[in-house]
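> Following is a predicted model, sequence given first.
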Amino acid sequence: MTMSDMTMLDGMSDGLFDAPLSDPDSGTGTAVLERTETKTETKKSDDGDADRFAHYVSKERMAESRLTGRPVVALCGKVWVPKHNPSDYPVCPDCKRIYDEMR
């Protein structure tokens, strides 16, 4: 450091940087704003019991889901991990309508 650098640092420390720290009780500080936090919990059901319908999913995706345990997406947009026999449930009306439109 040169003498001019030291002078500049000394000049800075005597200036604005010391002002807030010189008197901590001078009215400046941190205020705390209180905010009530609300959490909305959504119930995730991977067992297909949320709505009792059999949905249309491609055979390849269904086989992949059985091997990996990953969820599938039906034509109607429902996302779930299939675990039940679809023949035990009525066909989802939205899936059926979309399937019929695709034909």
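Right, received. Where do you want to start? Numbers count the residues shown, from 1 in each chain.
> List the buried residues of stretch 75-95.
75, 76, 78, 80, 82, 86, 92, 94, 95 (16 or more other CB atoms under 10 Å). For the C-beta atoms, the positions are set from N, CA and C on the backbone; glycine is no exception.
> Among those residues, which lie within strands?
Using DSSP state E, residue 80 are the members of the buried residues of stretch 75-95 that sit in strands.
> tell me which of the buried residues of stretch 75-95 is nearest to residue 65?
Proximity of the buried residues of stretch 75-95 to residue 65 (CB to CB) peaks at residue 82, which lies at 6.0 Å.
> ok, that closest one touching residue 62?
Yes - counting by CB atoms under 8 Å, residue 82 does reach residue 62; the two are 6.5 Å apart.
> Now list whatever residues contact both of the two.
When contacts are counted by CB atoms under 8 Å, 6 or more residues apart in numbering, residue 82 and residue 62 have residue 72 as shared neighbours.
> Can I get stretch 55-68 as PDB, trimmed to CA atoms?
This file holds the C-alpha atoms of stretch 55-68, laid out as PDB (Å, rounded to 0.1, in the frame of the first residue of the first chain):
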ATOM      1  CA  HIS A  55     -58.700 -44.600 -17.500                       C
ATOM      2  CA  TYR A  56     -57.200 -44.900 -20.900                       C
ATOM      3  CA  VAL A  57     -53.400 -45.200 -21.000                       C
ATOM      4  CA  SER A  58     -51.200 -46.600 -23.800                       C
ATOM      5  CA  LYS A  59     -50.100 -50.200 -23.200                       C
ATOM      6  CA  GLU A  60     -46.500 -49.200 -23.400                       C
ATOM      7  CA  ARG A  61     -46.800 -46.600 -20.700                       C
ATOM      8  CA  MET A  62     -48.800 -49.100 -18.500                       C
ATOM      9  CA  ALA A  63     -46.100 -51.700 -18.900                       C
ATOM     10  CA  GLU A  64     -43.300 -49.200 -18.100                       C
ATOM     11  CA  SER A  65     -45.200 -48.000 -15.000                       C
ATOM     12  CA  ARG A  66     -45.500 -51.600 -13.700                       C
ATOM     13  CA  LEU A  67     -41.800 -52.100 -14.100                       C
ATOM     14  CA  THR A  68     -40.600 -48.700 -12.800                       C
END
